[in-house]
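# build the 3D model from these lines:
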Amino acid sequence: MRIALFSDTFWPQVNGVALTLKRFTEHLEKRHISFRTFVPKINEEDLFTNNIQCFASLPLLIYPECRIALPNYFTIYKQLQQFQPDLIHIATPFNIGLCGLYYARKYGVPHVASYHTHFDRYLQYYHLQFASSLFWRYIRWFHQSCLATFVPSHETAEEMNQQGIQGLDLWKRGIDCNLFNPDKKNKAIREKYNFNERYMLLYVGRLAPEKDLDIMIDVMKRMPDALRSQIRWFFVGEGPMLKQLQAEAPSNATFTGYLSGEPLAELYASADLFVFPSSTETFGNVVLESLASGTPVIGARAGGVQEIIQNGKTGLLCPPRDPDAFIRAIVNMLERPERLTDFGHEGRAYASTQSWETIFDDLLLKYERILSSTASRRNTFSA
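Got it, this is the predicted structure:
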């Protein structure tokens, strides 16, 4: 099986899609499956390899972490003609994905797509909701010839089904339970970040309007007096709201910038609660990372997050954009330490069942079934 993968985001970018696709290519190498990846170039020092072809790119206006590639189709054509892929997987509806789609349709190569981001929901946060109907018209056209469209959650599948997208299939996300582990809890965190508050509450992700971070300021400021002074809030990440959050947040907030690897794992494991108000997630990788670290999560009952958090078992779900509900949930958890412990154990147990290896192998089986079905139809037609 030879796979050609097209994406507008890839490592070293820091987001769930980029890291998922990087892990997937590593899994393909582990399984000795030939592949070619066509992605944007982020830095001048990015190097071409036999498996990865990079193209110049520009940041997407409303989502700079996603790049608009400026691909050379002639280069892509030559690479694909030489490689002769059995299957093309398109993980972006933008420029570089269009090149993969055009080639697949023109030369009859079986092709699938994956849908990763609720861009239509992002539009309202940037006062562009008038473009929503145009977005979905384009997405329907883009996916119409795909033999399958993989989505990370049932909620995303329901949304796309309502928009008339066919051939939907589930491709969830996994977790590295060796990296994200309760054993990474580190008492030195307090000295490193110079705080003495009793509780540590954590947010990890892009600091942007679509993450519903405006209500976090409200939550922080309106916590009951008895708890407010006992909480240290940590924000891990960067984005367009960073300066606003720094200006409006109370003094018991710490902003770390982007973190990854061991430093991030230590923060997850050392936190008492992970608070994630975003209602726009197709999945919510950071929620699974927190559960794997033994840290309960308070999140919005929306998007893919509500399919990861088991309400009343591994965390609590709140109505989207309801600061009062988030305050009540935080108080409920912090005033009952035994719940923090029990929820942490349950979250870790759940995360341990979500290995990347199993999830990627399942995707490869789906690839094989699609190719087998396509071959059968061709043989029937030829006969």
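
# show me where the stretch 51-200 of the chain has its strands.
Secondary structure of the stretch 51-200 of the chain (DSSP state E, counting those that start in this stretch): strands located at 52-55, 57-59, 67-69, 87-90, 111-114, 149-151, 168-170, 199-204.

# the ones you listed: which one's closest to Asn311?
Proximity to Asn311 (Cβ to Cβ) singles out strand 199-204 among the strands of the stretch 51-200 of the chain, at 18.7 Å. The C-beta positions use only the backbone N, C-alpha and C, and glycine is treated the same way.

# that closest one - which strands sit beside it in the sheet, and in what orientation?
Strand pairing for strand 199-204, determined by DSSP bridges: strand 231-236 (parallel), strand 273-276 (parallel).

# pick the most deeply packed of these.
Highest mean neighbour count of the strands paired with strand 199-204: strand 273-276, a mean of 25 (counted as mean count of other Cβ atoms under 10 Å).

# have a look at the chain and report its longest helix.
helix 356-382 (DSSP state H).

# could you give me the buried positions within that helix?
For helix 356-382, burial by neighbour count (16 or more other Cβ atoms under 10 Å) applies to Trp356, Ile359, Phe360, Leu363, Leu364, Lys366, Tyr367, Ile370, Thr374.

# from the contact counts, what lies against it?
Applying 3 or more Cβ pairs under 8 Å, 6 or more residues apart in numbering; DSSP states H and E, we find helix 356-382 packed against helix 16-30, strand 87-90.

# what pairs with the last one, parallel or antiparallel?
The reference is to strand 87-90. Strand pairing for strand 87-90, using DSSP bridges, gives strand 2-6 (parallel), strand 111-114 (parallel).

# in CSV, list these along with distance to Ser352.
CSV is the format used below for those (distance: least, Cβ to Cβ, whole Å):
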stretch, distance to Ser352
strand 2-6, 28
strand 111-114, 25
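
# okay, domains of this protein per the record?
With automatic domain parsing as the criterion, the domains of the chain are listed as 2-173+356-382, 182-351.

# just name the most buried of those.
It is domain 182-351: most buried of these by mean count of other Cβ under 10 Å, with a mean of 19.

# now do the end-to-end distance for it.
Terminal residues of domain 182-351 lie 12 Å apart, using Cα to Cα, to the nearest Å.

# now stretch 311-318
End-to-end distance for stretch 311-318: 9 Å, by Cα to Cα.

# with stretch 329-348 instead?
End-to-end span of stretch 329-348 (Cα to Cα): 20 Å.

# contacts for it, please.
Around stretch 329-348, the neighbours that count as contacts under Cβ atoms under 8 Å, 6 or more residues apart in numbering are 177, 182, 199, 201, 219, 223-224, 227, 230-231, 272-273, 275, 290-298, 310, 313-316, 318.

# phi, psi of the residue lying closest to Tyr138 once chain neighbours are set aside?
Using Cβ to Cβ, 6 or more residues apart in numbering and skipping the chain neighbours, the partner closest in space to Tyr138 is Pro93 (7.0 Å). Here is the backbone geometry of Pro93 (degrees, to the nearest 10): phi -90, psi 10.

# what about Pro93, distance to Lys22?
Going from Pro93 to Lys22 by Cβ to Cβ, to the nearest Å gives 20 Å.

# hmm, back to that, of the strands paired with strand 199-204, which approaches Gly16 most closely?
Nearest to Gly16, of all the strands paired with strand 199-204, is strand 273-276, at 12.7 Å by Cβ to Cβ.

# tell me which residues are up against that closest one.
Residues from elsewhere that reach strand 273-276 (Cβ under 8 Å, 6+ apart): 199, 201-205, 216, 219, 268, 284, 286-287, 290, 295-300, 305, 315, 326, 330, 333-334, 340.

# show me how far the next helix-or-strand element following that strand is from its chain's centre.
Sequence order places helix 285-292 as the next helix or strand after strand 273-276, per DSSP states H and E. Relative to the centre of its chain, helix 285-292 is centred 11 Å away, using Cα atoms, centre = their mean, to the nearest Å.

# picking up where we left off before, mind putting the strands of the stretch 51-200 of the chain in TSV, mean pLDDT included?
Compiled in TSV, those are given as follows (pLDDT from 0 to 100):
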stretch	mean pLDDT
strand 52-55	84
strand 57-59	79
strand 67-69	74
strand 87-90	98
strand 111-114	97
strand 149-151	97
strand 168-170	97
strand 199-204	98
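
# and those as TSV, adding distance to Asp120?
Output for the strands of the stretch 51-200 of the chain, formatted as TSV (distance: least, Cβ to Cβ, whole Å):
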stretch	distance to Asp120
strand 52-55	26
strand 57-59	20
strand 67-69	18
strand 87-90	18
strand 111-114	16
strand 149-151	14
strand 168-170	16
strand 199-204	24
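
# who wins for proximity to Met1 among those strands?
With respect to Met1, and counting by Cβ to Cβ, the nearest of the strands of the stretch 51-200 of the chain is strand 87-90 at 6.9 Å.

# give me the distance from that closest one to the chain's centre.
So, by Cα atoms, centre = their mean, the centroid of strand 87-90 is 20 Å from its chain's centroid.

# report the helix or strand with the lowest average pLDDT across this structure.
Scoring the helices and strands of the chain by mean pLDDT, DSSP states H and E places strand 67-69 at the bottom, with a mean of 74.

# tell me where the model's unsure across this structure.
For the chain, applying pLDDT under 70 flags the ranges 14, 43-49, 62-67, 376-383.
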